[in-house]
Every structure is written in C-alpha cells, then in structure tokens.
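Visitor: I'd like to go over a predicted model; first the sequence, then the structure.
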There are 4 protein chains.
Amino acid sequence: MSDDRAPSPVRLQMRRAAGQPEPSPALQELYRGFERELLVPLWTEIGELMPLEPTSKATPHLWRWRHLMALAERAGQIVPLGRGGERRAIALANPSLGGKPYATPTLWAAIQYLMPGEDAPEHRHTQHAFRFVVEGEGVWTVVNGDAIRMSRGDFLPQAGWNWHAHHNAARAPMAWIDGLDIPFAYYTESQFFEFGRDTLDAAEKATPERSRSERLWGYPGLRPAAQAAQNGQNGRLAATPLLAYRWADTDRALAEQLALEAEGCAATLSPGHAAVRFTNPTTGGDALPTLRAEMHRLRAGARSRSRREVGSSVFQVFDGSGTVSVGEQRWSVARGDLFVVPSWQPLSMRADGAEGGPTLDLFRFGDAPIFEALHAHRVQEQGD
Amino acid sequence: MSDDRAPSPVRLQMRRAAGQPEPSPALQELYRGFERELLVPLWTEIGELMPLEPTSKATPHLWRWRHLMALAERAGQIVPLGRGGERRAIALANPSLGGKPYATPTLWAAIQYLMPGEDAPEHRHTQHAFRFVVEGEGVWTVVNGDAIRMSRGDFLPQAGWNWHAHHNAARAPMAWIDGLDIPFAYYTESQFFEFGRDTLDAAEKATPERSRSERLWGYPGLRPAAQAAQNGQNGRLAATPLLAYRWADTDRALAEQLALEAEGCAATLSPGHAAVRFTNPTTGGDALPTLRAEMHRLRAGARSRSRREVGSSVFQVFDGSGTVSVGEQRWSVARGDLFVVPSWQPLSMRADGAEGGPTLDLFRFGDAPIFEALHAHRVQEQGD
Amino acid sequence: MSDDRAPSPVRLQMRRAAGQPEPSPALQELYRGFERELLVPLWTEIGELMPLEPTSKATPHLWRWRHLMALAERAGQIVPLGRGGERRAIALANPSLGGKPYATPTLWAAIQYLMPGEDAPEHRHTQHAFRFVVEGEGVWTVVNGDAIRMSRGDFLPQAGWNWHAHHNAARAPMAWIDGLDIPFAYYTESQFFEFGRDTLDAAEKATPERSRSERLWGYPGLRPAAQAAQNGQNGRLAATPLLAYRWADTDRALAEQLALEAEGCAATLSPGHAAVRFTNPTTGGDALPTLRAEMHRLRAGARSRSRREVGSSVFQVFDGSGTVSVGEQRWSVARGDLFVVPSWQPLSMRADGAEGGPTLDLFRFGDAPIFEALHAHRVQEQGD
Amino acid sequence: MSDDRAPSPVRLQMRRAAGQPEPSPALQELYRGFERELLVPLWTEIGELMPLEPTSKATPHLWRWRHLMALAERAGQIVPLGRGGERRAIALANPSLGGKPYATPTLWAAIQYLMPGEDAPEHRHTQHAFRFVVEGEGVWTVVNGDAIRMSRGDFLPQAGWNWHAHHNAARAPMAWIDGLDIPFAYYTESQFFEFGRDTLDAAEKATPERSRSERLWGYPGLRPAAQAAQNGQNGRLAATPLLAYRWADTDRALAEQLALEAEGCAATLSPGHAAVRFTNPTTGGDALPTLRAEMHRLRAGARSRSRREVGSSVFQVFDGSGTVSVGEQRWSVARGDLFVVPSWQPLSMRADGAEGGPTLDLFRFGDAPIFEALHAHRVQEQGD
C-alpha cells in the first residue's frame, strides 16, 4: 500500500483501562496496522458496543403541543407544498441524536399541516406510516384511491408501498401526527420510494364519512369471505387492510375496560389503567409490521405501573392532564404534548384529579413488533 | 388359538372383478387365514376405500323449518329439561348415515328449544359449538359466567371446554340452531365432557344487552392490551374470545359489499353474491378451530357460482327465498329451512325476485378449518 | 309427505333412564314425528355421543409377525399384482371395527409383499403414507421418478399426491409395513386418487444407494438454498421433502440419547427410554401432516412411564423383546409384532433382560398431528 | 425558554433546491423556531431520508486474509486475553462507516485468535453469534457446558443469551471468523450482556469429537422426542439447538447439488452455482433469528447470476479462487479473503479455472432474516 493514499477512516487510541492491554510501542504499532487494514479490535470497544443493558442514545424529551402548532401554522403560511418536498411535515428531533429528525433511533414522529384546499401529492414508500389526529378534521387521506376521513381520535394506518395523498376539503387548516419507521428503514437500508401523480382525480377528492376499507373491514370479527379466499398464507396480510380505527370505538373500548374493572373483571393493564392495541384483523397482530400503536386511559388519580421494555415509544397526550416520568425526567403534560420513551427507560404515568374526574388519555406508538418478530423483546414491570 | 373362540369379525368374499385375483380354493383358504388373523387385503377394498374423489356417504337433504319448529314446540311441552339429558336439542339426521344424529359425517346441527324460565344446566365439553338465531329472542347463554344475549341474526360461538348454560329470561319459548363438531370428535375419539352446576347464580341470570366479551372484544381491529400481553403464542388464542357477532354488523357488512360492488369495487365472491366470515380476532382465522361459519347474501335475482369443496356444510336460510341445487337435488327454500352440502358435491344458489327485491340471506357452517389445518382442502369453482 | 315412501332410516326408542323423559303415548308420538322428519333428540344419545373421555371403539390388539409373514408369503404365491388391485397389501383389521381394514378409527397399517422382479403400478392419492422396513431389502420405491432404496430400519415417508410405484430389484421377496391415514381420509371424505403409468421407465428401475431426495436433503440442518428461495410460505412445505430416514442415523440417535442420559444429561423421555421423531426439515414438525412417526428404544430392563393421549397409535417391534400393556391387555412381544393403542388407553412398555442386554426397539406411528393442528391434543403421563 | 441555555443540537440550512421553499427572512425565522423546539422539517431531509432505493452508507470492500492473519498473530503475541476485553477479536471496519467496527450497518465480522492453552472467559449476550473456521483446529467453544470442536469448514452458531467460552486445547494458535448482529443490536438498543465465570471447569475442557448438541440433534430430519414434548410453541425454538454444522456434510451437500444438476435435476441456484443454508431443525428457518448463513460453491469456470437484495452480507472465500464484483468494485479473491456486499448492491461471482478444476467455495452471512420477519425483503436477480 502506498503512503500517499487518503488517511484511514479508522483511528485507534491506546487506553489504560480495565480489560485493555498495556500501552506500549509494540501495541502502538499494532494499532497502526489495524488502522491501515481497516480493523478495530473488540477490546477497545466492548464496553460501548455491548453494554450490560440497553443504554439509549436517545434522551427522554417532551415537546409542547402549543409550540409545535404555532410553528406548524407559521409553516402553513410561508412554506408551499408540492412535489419534491412532498409533505409539510415537521419532525421531532431527539436532542441527543445529532440533529437528525428522529424522535428515537427507530421512530419518526412529525406534525403535518395542510392548508384549506391543499393537496399533498401522491407517492408511496416501503416505510410504514400512520396518522393520528389529536384535534381538527377536514382532511381526507387517499390510499390507493380510497378517501379516508381523518377526525379527532382516529388512528389511520398506512402500510408500506401503498399509494397515498392527502386532501384538505375544509375551510380551515388541519394538523395531525405522522408516525413512521423512517429511521429504522434508513439505518437498515431497506427502503424504496416512488413518486405518484401530482394531483388527485375528482373522484378521489370525495369526502365520504366512511372509507371503502371501513365498509369492507370495519366490523368486529368479520372478514369479507372473498378476501379470505383470494390470498395465500391463509388470507393473512402483512399489514392491516382496515385504514381507519375510529375514536368512537376506541373510546368505548377504553371506557368498558374501566367499567369491567369496576365490576370486578380482569380487563385493564393494572388498576385504573386501560389500554387497547390497534391490530391487523387478518392476523390479530400489530396493525403494521414494524409499529405498535395503542391508546391508553388512566382513570383520574390513577397511576400506571412503572415499566420498561426493549425498544422505544412516542406518546401523545390525547386528553386530560397528568404527570409522566421517563427515566430521570418528569413532566406535567396536557393535551397534544408529545414525549419519547427511549429503550429500557422506565415509564410511569399518573392522571391528575380525583376519582370521577376526567381521564388521562394517551396515544402511544413504538417499535416493539420489530423485537417481537426477532425474539428480542423484553419487558420489566414494577412488581416483576 | 382355540377353535371355540367367537367367530372372527372379519368376513371376506372372493369377487371376480377388476384388479381382483381369480377365485380358487387356494384363495379361499388364504382368505380364511386372513379372517383368522384379523386381516383384510387392500385389493378387495381399494375401490371403496380410495375412490377417485370424495363420494360422500351423506345425502343432500332439506329440512323444512316449519316442521322442525312444530316438533320442537311439542317437545317443549312434553320433554322436561335437566341433568343427564342436558339440552332439549333435536338433531338433523342425514338420511344415509344410519339413523345417527349427524347432519354430515363431521357436523352436528340441531334445533334447541327453551321454555320460558327454563335453564339448561351447566356443562363443558371439548367439542366446539355455536348458536345461530333465525328468529326470536329472550334467551341468554352463560359462558364462564358471562351472560350473552341471543337475538335474531346473531352468531354465538362457544369454543370447547368453556362452561356454559342457557337461561330463558322471556315469557315466550325460544328456538335456535346449535352447530357442533360432535360427529368429528366422536369419530376421532378426542372428546371430553364435564358436568357443571345444576343451577346458575342469580348474578349469572342477568340479561345485559352486551356481554362482557363484547365489551372487551367487540370493536373492529381493537384488542385489549392486557390480553395481548398475558398470553403466550403472541397472544393468539385457539378460538375466538368474542362470544357474540351481532346481526347489525353482519347485515351492514353484507349490504356494503353489494354497495361496493355496485360502485365498481371488488368486494363480493361473485356478482351479486356477498359473504362474510366469522373470525377469531386474535388470529384472523376461523372463530373455532374445527368450524367455519359465514353469512351469505344473494342480491334478488342473482345466482352464485357453482362450487364444490372438500368437506361438508350445513346452510340455514335466514331471510328471503330462492332455489338451491346440491348435487342432483334442487329445492325451493324459505326462511329457516336447513340443508346439507356433502363433501365435494357442487352447490349453487339463486335468489328469487327481480333486481331491487329482497335478498336471499343464508347462514352457513362447515368443517373447512379441519382440512385447511391439514393441507387437505380443495375447492373447485365454476370457471376454474 | 306420502305414507308409501320408504321406511325412515331413523328409529328411536323410549328408554327409562337418567336424563330421559318419561315414556308416554305423547312421547311415542313425538318420536314418530322425529323419525318422519329425520331428526334425533340429543337426550337419547348424549351418553354415547359425548362421553366423559374418549372411549375408543377400537380394541387393543396384537398381531404376530410370524403369522402375518406366513400369510403374506402365501399371498405372494397366489395373488397376482396389477392395476386395479394396485398393491399386495394386507391390512390389520381391528377386531371391534366391524371387519373394516382399520387398525384404529383413523389409521391404516398393512404388510405389503413384493415378489422378485415385480412392480407395483404407479398411482397417487392424497392420503399420506409411509413405509417402514422391519426386515429385508431389495425393493426401491419410486416417487416422482426418484428411486428410493428400502432397507431394514428405514422410515420412508410418502406425502400425499406424489406419484409412486414400487420395484423389487432383488432375487428374494420382500415385505414391509405401510402406514396411511386412509380411515381418516375416508371418514372425512377428503381423498383423491389418480392412476399413473402401468410400468416404470428403465431409468426409474435404477437401484441407487442414495435417492435424489437424500442427496439434496439428507444433512443435519442443511437446506438447499435454491429450494428455500423458490417456495412461498418462507419455504415451508406441507410435508417432508426427505424421502428416506436411514436406520444408521436413527440407531445412532437412540444410542446417543441413552449414552447422554448415562452421562447425566437430559435426553430421554424417561430413564432408559429414548425416542426420536421423524420430522419435516422445512418446518421441524411431523414428517407428514396427519401422521406422527417415531422410533423408541428401551434399555434392557427399563420400563416406560405409563402414558395415554388423545388419538391412536400402531407400534411395531423392531428389535428385542419385552412386555407391553395397553389398557387391560398385556402381551409379550418380539420382533415384527404389531399392536394398536386406541385413543386415551394407557400404554406402558418394559424391555426384557438385565442391564447391558439388548434393547427393545419399537417403531410407532399415530395420528397426533391431527389433534395438535386442531388444538385438541391431550396427554396424561404417570406422575402428572 | 431562556437564551442562555446550551446551543440547540438542531441546525437547519435554507437550500434552494427542488421541493424546497424559497429562502427568505421569514423562512429563516421559522427555521430558527424549529431549532429552538428541536424540530426538523421533512422537506429539507426527504431526499436523503427516503431515497428511491437503498443507497448504502457502507462501501464494498475487500480484506485480504494474509493481512488479517499477520495482524492477528501479532496481537496474539502482545495483547493478553482476559476479563474486560473478553476476546482477542479484530473486527472489519467498513471504510465509510466512520471508523466503527461494523462490516456493514448491521453486521459485525471479526477474526478471533486464541493462543495455545488460552481460555476466552465465559459470558453471554443477547446478540446472536457464530464462528466459521477457514483454517486450523484445536479450539473448543464451550456453550452452556457443552464443548464443541471447531475445525476447518465448520459453521458453529451461538444463539443469544447462552453462556459461552473458548478453549484452545492444541499446541498451535488458532484463528477463526466471528459473525454477530452487534451493530444491529447496538443501533436498535436491544442488547443485554452478562459476565460469567472466569475459568472453565476441568470437565468443560474436554475435547470430544462430537458435542452433546450434535449427539442429540445432528441427524437429518430426526428430533429428540423428549425435546418436542417439552417446549411450547409446538417445540419450535427461536434459534437452532444444533451447535455445529460440520464441513463433511456441507461439502457433500454442495457436491451433490452439482452432481444432480449434471444429471438434469433442479438442485442449484443457477447453472454451476450450488448453495446450502444453515437452518434451525425445529423450524426449518434460519439458524439464528437475525443472521442467515450459507455456503456457496461455484463450479470451476462458472459464473453466478447477478443479484441484489435488501440487506447486507459478508463473504469469506473458503477455497479456490475467482473474481467477484460488488457494485462498482471488482476483485480477484483467494482463500480467506473477506468482502462485504452492502444493501441493494449487485453481486456477481465467477470461479477461476476451466471445467473440472477446483471449485470456488464461499461462506456467506447476512441479515436477511430481519427483513423477511418484517416483510421488507426484496431480491432482484439478473433475468427477473
């Protein structure tokens, strides 16, 4: 090898630390040999690379909804929307992830904002996505030509590689939350993207109350027999064909869990803590292959068990107020606020108020399906 | 071996037929040797045992609802209900299955009848069961203490080994259809049965509009997070935890399939033929491990494709009228009528009336999950 | 309905028994009504139909190999082999199954016999099959053109719907055991059959030591990458692509289990009782969708735990001698002897001899995969 | 928020590019607002974050075995082995991954070197690992107390969370390749690590020819019945229980694929290109949940199809020589050389020599199971 080549990207330092060899000229020479050959010894890296348990690079952090909304509104006024930029989406950037638009190492969370009459152009990508609406209405997201109403409390999954666009059919702007596995797909270098049409057909700008996907799939325990017959894999689909999970159902399911608990039935995660998971009706598993989404409700005054798990999550307060602890952090939270729970950091939540007061409702999404699929999931709960 | 033992249960005859050896004294002696040793040669049996395709021992047959109901009412008057007899259930006996209470070789179908105030005593069994209600209301079936209302159009699955009883809380008698895999479990010698309490608690005689199972599970695509966390197998349950599939949902799902078809979307099995399957929300598969249940709707004047499949089915007309062909049989059918479709016999159905008239709605159950689980299912449709 | 029709196939009798209504003229009339309408009440049948636990119609029974062989040899002399009769196979007929060629309600077990130079003609069927060789050699079974040597101790699975023929390339006759799910397929009416060519090609009469299937699949833990890439379902096949499991492997695996046990490692079913299961390398499950096959070895003097399970089995003594108890029966057994274990009948086995003597080796096949697939399997062992 | 807080980690720049808003003071102010609130807009990032197809950060690169070995030998002389450093392993650092010890974004590949008599201390971690031996022998890896011989050509998987140590029982040093999913586990923050005992028991320093795992599991298609009975999930294990895949089997399987191809049977990936995959005998899937391992063989003079897939791989030449192209790179390769194939970069390989000459054998491992589990795998082959 010549001496005039570019400097090696590998730089090794001798350290006098536990498990490290003694610094010496011979070692120095060995390390320079490693550098030349693009090699790194394990013994200088193991403490960092193979910690005793997950020590997340991400930091617990809270974003206030009122600040997000103010900036999104301002962006609505001055940032045009169109091909290339694709979406007026503003992503949470975890303070310890180098300024990248990553809420956690695997998760993307953004506020998206659409002005009256605006269309976000059609595209598709293999990253899995969903929308969650904390307030407002008037936008329809159009998935493979199926126009899907978006209203407060709705969870709207968007599995990878489906064409989609958004259309604001109302007189007011609308904001919502987008969640995707962009950082995971980016890191693992597994993503594809394709541009679609710049404008929607008139028919696709329809504003039906119920999407076709809901008309086909939106019934508890019922499947279209035609679909079950067509697909291989016993009709199992990789992601949910149901494109809207409506708040009325979610709200009722949570209320019933608390009511059943009051009647003495096991229904909640812990006393006063109800939760539902959004699932793929063709498998019973998570709605999206890489993303878990749930809605949680704490009875006024109730406290969740402290819990940590492999993988990270983002929460958005949907309603009510309370106090949240993540690792060493502790925040008072209110409607719309978003916070991240890094991997293996303990989370506990408490709803404000006294019994009978308003509940604390939180939307949560996370990357647990990745770890479950790979047999790498672990959960530890208070009392375990 | 002694000569005075009981005559051998094996009896062989020499036949002069294709593939058979020539009759001779030596062959005669060989056959007597087989009989003594309890042996049967393949060559005398193969045509019967290994036919070119399924040739069902069962016969296509139709039972008229008005005759069933008249006999059930009479039984209500003179046959008491209690421990030992367990249920006032009257089963369809396929005319070519030797007088056994088998609708088909694998399926049990019965009309069950409960007088006002009566309780059918608690028991449990590994046979999987469901109830389907073609008319009436007022009975609650109590499954592990959960009281489940039974009303017209409801499908009420009852997975094996759950305690259950029935309670008529109304002033009128009520009849419904029971479907089970009794013949299959009997033939394969895989069943267990246990008697429970003779009477229900007062609390279990409650008559809630919605059962606990529905309050927990009766939402499209939503699962209780607590359940998903507790179970192994990624929260998959062998049978559905949802114990009532209500007519309002089924009806709407069928109506929407026909409406979507009219809008140009693929939603139906074939033009004018809608169908939904009752599924286990924890797997997306059939509600019960051995039984498939579906509701079909034919638009007035529409005709289904002719179809045959491995395994047998029982249909009950839920509403409307039409004509049905099964193998060589052909019947006009009306509300409540039941008919069986033996294995591999072609079925086609036609709804009476002209476009815009009332639909023909049929409930169907069958044994397809057995064959799918064993990779033995085959379907052949007109046009394949 | 006219009075002159054929007598009803349903015949009901009034019985004065627990859970039965009081005999009376009214009841008599009701029963005649049931008969006319082809109906059977549950209350007269439930004790038989829904027993507390499986009470098999089959009887534990033992067939002596020397008697089977003598009859098979005689059949070889006087019964020709050809199209129509298809195979010179002589089936075990359980003494309480009505003279049908059923070892148990679900299982077929037969001795097949092929004279020197004979070919059994090609056919295929959806029934799953295997061959097991207790003694002899010289026959090749030809599956989809792949010639597979059959030798003592080999297990040769034959999944449904593959073309197959047999060819005796030796100078001596050869006998072996065939196991199939014929009774199950017959009862459930799910079988298809197709005749193939009457004679094999010259190339197919090759007598290779190792079949193509073994050359591709016969390595522990290795799969052909080409196969994994081609198939859907992640390369999982319904049945094993490996068509011969050789005695040398089976023998060594059993010997090693006993040796490991002696070294203090958990390897055996119970002390002195080793067993291996023949599995599908693409799934790790049973080699055939409906049939489980295993080889068992008891150390000299060792006794198995008493065990009963849902579903039935057939055993053949491969080597050694011992004592076997099935339900109320008890037999001394020796090489080649076959016995059946009906559903839920306890089985225990003891090897003759003192420590260090010859082992008792038994081949076993049964229908457990059916019950496991349907979540209906139960096992009870001594000490549970 | 105060002005004196630490500078924001987010830094945004206005760019005049496709899909970007016009630079303006208002936009500037908006961007400063984003920075303060830890937000990043999609429109500045989308081209990088969501490319049209995977554009790997990793670079195709080749490491020469002779250079690796020389450095490993030198390390053997001057770097002691013990607790803290844990292993004398030297990892490939992809030149475009910032000097980190990552062969690709998800894969770790290292040469490990053990001096005569040395022990690498016991530990366990959730990262999945394997060893592959390109030359030498004399080391036993001890997994949960089971001593496993390591010899040329062997593949030795080491599923996560099993205790393991290494012991050189020979008089010569030995080197081998370690492969792990360390970068993936690190990035996704899902790893656990635990220190074990510093020294092995005398019994664990045994040097058996065959490990206990092989004695239990090393037979084609055979499973210990005891294991199948004990485990839930129908006996499926997350990772392989077979801890050594021996070269004799691998070699024969590859030779047979080429021989079968020559006989006209479909057995190879493409003409002259044989390959086997190392699989988990309890599932038929990959031996490890996150890592695929295969051995490839090209007939002398043969050329593989060009192929690219989602996910990355590392290859090591096991024997022979040839030419390899990865993306824009092209190398002549010889025994021991290692090269990486980044995600979606086309790979083609050609064996030197003319027909009948020595084959080119390559060991390959990659991260495909991650993408298959998440339904994100894509493959594109020449001719597709």
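Guide: Right, received. Where do you want to start?
Visitor: rest of the way, CA atoms for contacts and neighbours
Guide: Will do.
Visitor: And the helices in chain A?
Guide: A:25-36, A:46-49, A:65-78, A:182-188, A:212-217, A:225-230, A:247-262, A:368-373 (DSSP state H).
Visitor: right, so those helices: which one is the most enclosed?
Guide: helix A:182-188 (a mean of 22; mean count of other C-alpha atoms under 10 Å in any protein chain shown).
Visitor: what distance separates that helix from the centre of its chain?
Guide: 13 Å (C-alpha atoms, centre = their mean, to the nearest Å).
Visitor: Convert the C-alpha atoms of it to PDB, please.
Guide: The C-alpha atoms that make up helix A:182-188 are tabulated as PDB, following Å, rounded to 0.1, in the frame of the first residue of the first chain:
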ATOM      1  CA  ILE A 182     -38.200   6.100   8.700                       C
ATOM      2  CA  PRO A 183     -35.100   5.900  11.000                       C
ATOM      3  CA  PHE A 184     -35.200   2.200  11.200                       C
ATOM      4  CA  ALA A 185     -35.600   1.800   7.400                       C
ATOM      5  CA  TYR A 186     -32.900   4.300   6.800                       C
ATOM      6  CA  TYR A 187     -30.500   2.700   9.200                       C
ATOM      7  CA  THR A 188     -31.200  -0.800   7.900                       C
END
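Visitor: Between the helices of chain A, which has the poorest mean confidence score?
Guide: Sorting the helices of chain A by mean pLDDT places helix A:225-230 lowest, at a mean of 80.
Visitor: ok, back up a step: make JSON lines out of the helices of chain A and add distance to residue D:370.
Guide: Shown next, in JSON lines, are the helices of chain A (distance: least, C-alpha to C-alpha, whole Å):
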{"stretch": "helix A:25-36", "distance to residue D:370": "30"}
{"stretch": "helix A:46-49", "distance to residue D:370": "20"}
{"stretch": "helix A:65-78", "distance to residue D:370": "35"}
{"stretch": "helix A:182-188", "distance to residue D:370": "9"}
{"stretch": "helix A:212-217", "distance to residue D:370": "29"}
{"stretch": "helix A:225-230", "distance to residue D:370": "27"}
{"stretch": "helix A:247-262", "distance to residue D:370": "32"}
{"stretch": "helix A:368-373", "distance to residue D:370": "8"}
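Visitor: Among these, which comes closest to chain B?
Guide: Shortest distance between chain B and the helices of chain A, using C-alpha to the nearest C-alpha, is found for helix A:225-230: 4.8 Å.
Visitor: gap between the closest residue in space to residue A:313 that isn't next to it in sequence and chain D?
Guide: The shortest distance from residue A:313 to any non-neighbouring residue, by C-alpha to C-alpha, 6 or more residues apart in numbering or on different chains, is to residue A:366 (4.0 Å). Distance of residue A:366 to chain D, given as C-alpha to the nearest C-alpha, to the nearest Å: 12 Å.
Visitor: and residue A:366, what does it touch?
Guide: A:107, A:291, A:292, A:293, A:311, A:312, A:313, A:314 (C-alpha atoms under 8 Å, 6 or more residues apart in numbering or on different chains).
Visitor: Let me know whether residue A:369 touches residue A:292 as I believe.
Guide: Yes. With contact defined as C-alpha atoms under 8 Å, residue A:369 and residue A:292 form a contacting pair (6.3 Å).
Visitor: Overlap in contacts, the two.
Guide: residue A:286.
Visitor: Tally up the residues packed near residue A:384, please.
Guide: 6 (other C-alpha atoms under 10 Å in any protein chain shown).
Visitor: Show me the shaky parts of the stretch 201-350 of chain A.
Guide: Within the stretch 201-350 of chain A, the ranges that satisfy pLDDT under 70 run A:229-233.
Visitor: Could you pull out the strands in it for me?
Guide: Using DSSP state E, counting those that start in this stretch, the strands found in the stretch 201-350 of chain A span residues A:222-224, A:273-278, A:292-298, A:307-309, A:313-319, A:322-326, A:329-333, A:338-341, A:347-351.
Visitor: before we move on, what about the stretch 1-150 of chain A?
Guide: A:39-41, A:61-63, A:89-92, A:108-114, A:119-125, A:129-132, A:137-143, A:146-151.
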